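Chemist: What follows is a protein structure lacking sequence information:
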Ligand SMILES: C=CC1=C(C)c2cc3[nH]c(cc4nc(cc5[nH]c(cc1n2)c(C)c5CCC(=O)O)C(CCC(=O)O)=C4C)c(C)c3C=C
Ligand SMILES: [Fe+2]
């Protein structure tokens, strides 16, 4: 791995560690710009607030964009008489709105929630669920890859917080900007689609750590290290549907698997530190593999102790989930933490809004999750509580809207 690829790899899984690193991220990915930096009435916005991600492009934003510190994941169901026309009109309204908000132009009809802020790297990403195609009479255009995910033994899924006709992912580095965008999108859907479920997530704020590193999850683990990098020769083909792929309207798109995974934090925190590291296969302090080095050192799955026992346990999470253990299966993980108070028994309702991206969910998520389901030491400490699979089409060109190739051809 080159220095360059290390820094690119880090950027994807990282709420960039400093303002300077944030700028470097934008420059490296070509994805982040800066909105007009001052208002007539006030001082210039700082770089965090003024950072922009373009809405228009070959791919949708929010997939390879560096992880923002706030997110809302929302599923909508179309109202019964919306049909294909209603859905097309909604996607057009949503796309226009998303382009405006992401460029830093506030929603004129809104309540002014984000008026003083810039776009703060706002991204809005749209996807279609399995049921969308029934609701719009487009069943024959439903991708085979949207077949329902199989049941896994560790699942405790709540159907009312799973799936949905439409999925929207909002991310921003300012909670008010993220909330303002969510409100505007909800208002634009009124009369056409109702919220089915909604989840709020968070990650580390840019500039919060002393050095660039991947973020930590609520188990205290450094998470996102071994994500595939856009510099990998097979990155595009593994994460995105190619130009000539099937169905044609999914060209440059990707499939998002969304799982709300509650962490059994009371049990986890009881576990001695060494045991926690054994469960994962990496050090808690800096995310380095138990086989040595630093966060970016490759894990040596073949390494053994003098007594012949593997250094990375047979059921350690990084061994069971690794591409080497799954016929090369890989996915881009872009997850957020969540905390929704306490359950009736007092346990924290907290965990991971696990979001992963891939060109083929059966080959990637399903293959790895099947393996994890059979023998992952981490599974004792987590519960999958909701699930969704969404087809996220390619990006919209100027003057077009997301999903136009599906809804109008
Ligand atoms: C089906 C896919 C996966 C689920 C579900 C999943 C849940 C999950 N993971 C963590 C924490 C970590 N995972 C890490 C690595 C990792 N996880 C997956 C897949 C799923 N994880 C993969 C493919 C990998 C990479 C393996 C490799 O190639 O080395 C790590 C280590 C750091 C990293 O590489 O990101 C952590 C930490 C939690 C807490 C969790 C459910 C709540
Ligand atoms: Fe994982």
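Modeler: Perfect, thanks for sending it. Owing to the predicted nature of the structure, the values given are computational and were not obtained by experimental measurement. Ligands and ions are numbered 1, 2, ... in the order given.
Chemist: Close to ligand 1: what parts of this protein are there?
Modeler: Within the chain, the positions near ligand 1 by Cβ under 6 Å from any ligand atom are 217, 219, 221, 223-226, 259, 261, 263, 280, 282, 299, 317-318, 321-323, 351-352, 354, 365, 368-369, 372, 382. Glycine gets a C-beta too; all of them are placed from N, C-alpha and C.
Chemist: Now, these that are in helices?
Modeler: 280, 317-318, 321, 368-369, 372 (DSSP state H).
Chemist: Reformat the residues you listed as JSON lines; add neighbour count.
Modeler: What follows is these, written out as JSON lines (neighbours: other Cβ atoms under 10 Å):
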{"residue": "280", "neighbour count": "23"}
{"residue": "317", "neighbour count": "20"}
{"residue": "318", "neighbour count": "21"}
{"residue": "321", "neighbour count": "21"}
{"residue": "368", "neighbour count": "23"}
{"residue": "369", "neighbour count": "26"}
{"residue": "372", "neighbour count": "21"}
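Chemist: Could you dump the residues you listed into CSV and include pLDDT?
Modeler: As requested, these are exported to CSV (pLDDT from 0 to 100):
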residue, pLDDT
280, 98
317, 98
318, 98
321, 98
368, 98
369, 98
372, 98
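Chemist: Which residue ranges of the stretch 201-350 of the chain form helices?
Modeler: Ranges of helices in the stretch 201-350 of the chain, per DSSP state H, counting those that start in this stretch, are 235-239, 265-270, 273-280, 317-321.
Chemist: Pick the most buried one from those.
Modeler: helix 317-321 (a mean of 21; mean count of other Cβ atoms under 10 Å).
Chemist: Low-confidence stretches in the stretch 1-150 of the chain?
Modeler: 1-32, 35-45 (pLDDT under 70).
Chemist: Helices of that one, residue ranges please.
Modeler: 3-12, 19-29, 47-50, 83-102, 130-135.
Chemist: wait, what's in contact with residue 286?
Modeler: Shown in contact with residue 286 (Cβ atoms under 8 Å, 6 or more residues apart in numbering): 213, 222, 294-295.
Chemist: Roughly how far does it sit from ligand 1?
Modeler: 11 Å (Cβ to the nearest ligand atom, to the nearest Å).
Chemist: pLDDT score for that residue?
Modeler: pLDDT recorded at residue 286 is 96.
Chemist: now the one 4 residues further on
Modeler: Predicted confidence (pLDDT) at residue 290: the value is 98.
Chemist: check contacts around it.
Modeler: Contacts of residue 290 by Cβ under 8 Å, 6+ apart are 277-278, 281-283, 311-312, 316.
Chemist: Go through those and name the one nearest residue 88.
Modeler: Using Cβ to Cβ, residue 282 comes nearest to residue 88 of those, at 46.4 Å.
Chemist: surely the closest one meets residue 221?
Modeler: Yes - contact status for residue 282 versus residue 221: in contact at 7.0 Å, counting by Cβ atoms under 8 Å.
Chemist: Quick one: neighbours of residue 392, just the number.
Modeler: 26 (other Cβ atoms under 10 Å).
Chemist: Could you report the pLDDT at it?
Modeler: For residue 392, pLDDT reads 99.
Chemist: Residue 403 touches residue 394, doesn't it?
Modeler: No - at 9.5 Å, residue 403 does not count as touching residue 394 under the criterion of Cβ under 8 Å.
Chemist: Those two: who's more crowded?
Modeler: Taking other Cβ under 10 Å, residue 403 and residue 394 do not tie; residue 403 has more neighbours (27 against 21).
Chemist: show me what contacts the more buried one?
Modeler: So residue 403 contacts 87-88, 91, 126, 128, 249, 393 (Cβ under 8 Å, 6+ apart).
Chemist: go on, residue 242?
Modeler: 236, 251, 359.
Chemist: unless I'm mixing things up, residue 264 is touching residue 385, no?
Modeler: No - if you go by Cβ under 8 Å, residue 264 and residue 385 don't touch, sitting 11.6 Å apart.
Chemist: Show me where the stretch 301-409 of the chain has its strands.
Modeler: Ranges of strands in the stretch 301-409 of the chain, per DSSP state E, counting those that start in this stretch, are 332-333, 336-342, 348-358, 382-392.
Chemist: Including distance to residue 135, could those go into TSV?
Modeler: Shown next, in TSV, are the strands of the stretch 301-409 of the chain (distance: least, Cβ to Cβ, whole Å):
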stretch	distance to residue 135
strand 332-333	28
strand 336-342	28
strand 348-358	23
strand 382-392	14
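Chemist: Which one of these lies nearest to residue 58?
Modeler: strand 382-392 (13.0 Å).
Chemist: What residues sit buried inside the closest one?
Modeler: 382, 384-392 (16 or more other Cβ atoms under 10 Å).
Chemist: What helices and strands are in contact with that strand?
Modeler: Contact analysis of strand 382-392 by 3 or more Cβ pairs under 8 Å, 6 or more residues apart in numbering; DSSP states H and E lists strand 123-128, strand 166-172, strand 254-263, strand 348-358 as its packing neighbours.
Chemist: Identify the residues contacting the last one?
Modeler: With contacts defined as Cβ under 8 Å, 6+ apart, strand 348-358 is touched by 63, 71, 73, 169, 199, 201, 217-218, 238-239, 254-263, 265-266, 330-343, 364-365, 382, 392.
Chemist: Selection in PyMOL covering whichever of the residues you listed are buried, please.
Modeler: Buried residues within the contacts of strand 348-358, by 16+ other Cβ under 10 Å, are selected in PyMOL with:
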select buried, resi 63+71+73+169+199+201+217+218+238+239+254+255+256+257+258+259+260+261+262+263+265+330+331+332+333+334+335+336+337+338+364+365+382+392
